[in-house]
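1. Quick one, fold the following:
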Amino acid sequence: MHFKFSHNEVKNCFELLIDDKHVAIISYNIQNDKLYLNHAGVPDELSGQGVGKVLAKNTFEYIKEHSLEAVAICPYLVALVKRNPEWNFIEIL
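-> From the prediction side, this is the model:
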């Protein structure tokens, strides 16, 4: 699989283009200068193939590199943060 990651500030989401035809997203709301990561979505046909983790890793790295503050609300993202101590800079609710 080929991936292209981007931050779509107009739509308040992080996007992962897969093989130039599928898009997975992490959407967020902004409150008090924090990104509240509220949904992660992967196309059904790519479910269970690690796409969500690739998207989350790229999103978390972007957040860290740009010195942003973020809170994971989406249950999938909360579980990833709890299982991966290298992402402990992401708050969880």
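2. Other residues contacting the helix ranked longest in the chain?
-> Secondary structure assigned by DSSP state H gives helix 51-65 as the longest helix of the chain. Among residues not part of helix 51-65, those counted as contacts by CB atoms under 8 Å, 6 or more residues apart in numbering are 1, 3, 5, 7, 14, 16, 18, 24-26, 35, 37, 40, 42-43, 68-70, 76-77, 80, 87, 89-90. C-beta: built from backbone N, CA, C; applies to glycine.
3. next SSE after that helix?
-> Sequence order places strand 69-72 as the next helix or strand after helix 51-65, per DSSP states H and E.
4. and the gap between the residue of the chain most remote from its centre and residue 71?
-> Largest separation from the mean C-alpha position in the chain: residue 32, at 19.3 Å (CA atoms, centre = their mean). Using CB to CB, to the nearest Å, one gets 10 Å for the distance from residue 32 to residue 71.
5. Tally up the residues packed near residue 86, please.
-> Residue 86 is surrounded by 10 other residues when neighbours are defined as other CB atoms under 10 Å.
6. So which elements touch the longest strand that the chain contains?
-> Criterion DSSP state E: the longest strand present in the chain is strand 22-31. With contacts defined as 3 or more CB pairs under 8 Å, 6 or more residues apart in numbering; DSSP states H and E, the secondary structure elements packing on strand 22-31 are strand 13-18, strand 34-41, helix 51-65.
7. Could you list everything residue 6 pairs with in the sheet?
-> Residue 6 has these beta-bridge partners by DSSP bridges: residue 15.
8. Can you tell me how far it is from residue 85?
-> Here residue 6 is placed at a distance of 27 Å from residue 85 (CB to CB).
9. Of the two, which one has the most company?
-> Taking neighbours as other CB under 10 Å, residue 6 and residue 85 compare with residue 6 leading, 13 against 7.
10. In terms of pLDDT, where does the more buried one sit?
-> pLDDT for residue 6: 98.
11. Residue 92 now?
-> 94.
12. what comes up buried for stretch 6-14?
-> Applying a neighbour-count criterion of 16 or more other CB atoms under 10 Å, one finds 7, 12, 13, 14 buried in stretch 6-14.
13. Please name the residues that touch the last one.
-> Just to be clear, that refers to residue 14. Residues near residue 14 by CB under 8 Å, 6+ apart: 5, 6, 7, 8, 25, 26, 28, 55, 58, 59, 62.
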